[in-house]
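**Q** from the sequence below, what's the structure:
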Amino acid sequence: MLIEQSSRRILWGENENARLYPASTTKVLTALCVLDNLPLDRVVEVPKCAEGVEGSSIYLKEGQKITVEDLLFGLMLRSGNDAAVTLAVETSGSVEDFAVLMNEKAKECGAVNSNFVNPHGLQDKNHYTTAYDLALITAKAYENADFVRIVSSKLKKITIDDNSVVIANKNKMLKLFDGSNGVKTGFTKSSGRCLVSGAKRGDMQLISVVLNCGDMWNESVRMLNFGFDNFKMIPLENFLLTNGEKKITVQTDSFVDENWHCKKYPLRKDGSERLVVKIK
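**A** Here you go, the predicted structure:
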């Protein structure tokens, strides 16, 4: 599915409410929870439970010291499951308590058809989401400049104890698509190929989500191209006047958004949508 980030408007969708396994795209929510609760410069000691976590890893050992920021880079660029556990324990004291925080944050984002039980996305029948929910979570994460800085980085030097290493981002979209600025890959045998992509051109930030999609790269490129080719951001300053923080309603021939609060809205370039703004 495809949404515009600031408005959350759905630009294209297919089975976007189907319950599926997110694999490591879970880490978008993990990063969001961490950024909301921990300072980036905090030095963290790796707990025993993080060492040797199965799957993707940045090879942390119990007792090693690393900053929250470098853990987030290890989480989002290399998909480190050990980084995910370390961050979860530092944030909430345990993986289980962090999962409670994840579900609270997901609901705050409007993701009401999801349930998360771990910070990394390793397979669990009770760990699931939808493409739409994941898009909403990512849209919220993109409001954080540090999140965007991290997920848009192609390379990053991180330091574990006194040893530095350069890590590369696994997200090929950063090279494949003009304007790409994130976000996260994922795969397990049960989830299939998953990809959340972000791209910005001009004043429009798009977010695409594919879950259980074998051709995830090309499908993501197709959706993002559709969005940029067919939509543009329409400024609403003339409607806002001195309305301040009051919410307004944006209505076209095909939909009504009752919770509009930004200064621009995505509409079709061909002029087929009529815009009506009602100030409450």
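
**Q** point out where the chain drops to low pLDDT.
**A** Judged by pLDDT under 70, the chain has its weakly predicted residues at 237-262, 274-280.

**Q** show me the strands in it, by range?
**A** Defined through DSSP state E, the strands belonging to the chain, from first to last, are 2-4, 10-12, 43-45, 65-67, 155-160, 163-168, 180-188, 192-201, 204-210, 231-235, 248-251, 256-260, 264-268, 276-279.

**Q** between those strands, which one is closest to residue 26.
**A** Each of the strands of the chain has some distance to residue 26 by CB to CB; the shortest is strand 180-188, at 7.2 Å. Where you see a C-beta, it was placed from the backbone N, CA and C, and this is true even at glycine.

**Q** the closest one: how far from the chain's middle?
**A** Counting by CA atoms, centre = their mean, to the nearest Å, strand 180-188 is centred 9 Å from the centre of its parent chain.

**Q** list the strands paired with that strand, with their directions.
**A** Each strand that strand 180-188 pairs with, and the sense of that pairing, follows from DSSP bridges: strand 192-201 (antiparallel).

**Q** so how far is the strand it pairs with off the chain centroid?
**A** Here the centre of strand 192-201 is set off from its chain's centre by 9 Å, with CA atoms, centre = their mean.

**Q** that strand relative to strand 204-210, how many degrees between them?
**A** Orientation note: strand 192-201 sits at an angle of 170 degrees relative to strand 204-210 (axes from the mean of the first three to the mean of the last three CA atoms, to 10 degrees).

**Q** so which bits of strand 192-201 are buried?
**A** Counting neighbours by 16 or more other CB atoms under 10 Å, one finds that the buried residues in strand 192-201 are 192, 193, 194, 195, 196, 197, 198, 199, 200.

**Q** excluding chain neighbours, what is closest to the third one?
**A** Translated: residue 194. Nearest non-adjacent residue to residue 194, counting by CB to CB, 6 or more residues apart in numbering: residue 186, 3.7 Å away.

**Q** distance check, the one you found against residue 14.
**A** The span separating residue 186 from residue 14 equals 19 Å under the rule CB to CB, to the nearest Å.

**Q** okay, these two: which has more neighbours?
**A** Using other CB atoms under 10 Å as the criterion, residue 186 and residue 14 rank with residue 186 on top: 25 against 10.

**Q** ok, now which ones touch that one?
**A** Residues counted as contacts of residue 186 (CB atoms under 8 Å, 6 or more residues apart in numbering) are 22, 23, 24, 25, 26, 27, 79, 121, 193, 194, 195.

**Q** nearest to residue 103, of those residues?
**A** Comparing the contacts of residue 186 against residue 103 with CB to CB picks out residue 26 as the nearest, at 11.8 Å.

**Q** correct me, but that closest one touches residue 120?
**A** Yes: contact criterion CB atoms under 8 Å: residue 26 and residue 120 qualify, at 6.4 Å.

**Q** what's the domain layout of the chain?
**A** Domain assignment for the chain by automatic domain parsing gives 2-234, 236-279.

**Q** so which of those is the most surrounded?
**A** Sort these by mean neighbour count, taking mean count of other CB atoms under 10 Å, and domain 2-234 sits at the top with a mean of 19.

**Q** relative to residue 156, how far out is the closest residue to residue 144 other than its chain neighbours?
**A** What sits nearest to residue 144 in space, not counting adjacent residues and going by CB to CB, 6+ apart, is residue 35, at 5.4 Å. Taking CB to CB as the measure, residue 35 falls 16 Å from residue 156.

**Q** what of residue 69?
**A** 9 Å.

**Q** then residue 189?
**A** Distance of residue 189 to residue 156, computed by CB to CB: 29 Å.

**Q** cool, residue 5 as well?
**A** As defined by CB to CB, residue 5 lies at a distance of 23 Å from residue 156.

**Q** please apply the same query to residue 145.
**A** Computed as CB to CB, the residue 145 to residue 156 distance reads 16 Å.

**Q** and if you look at residue 31?
**A** The spacing between residue 31 and residue 156, counted by CB to CB, is 14 Å.

**Q** swap in residue 71?
**A** Residue 71 sits at a distance of 12 Å from residue 156 (criterion: CB to CB).
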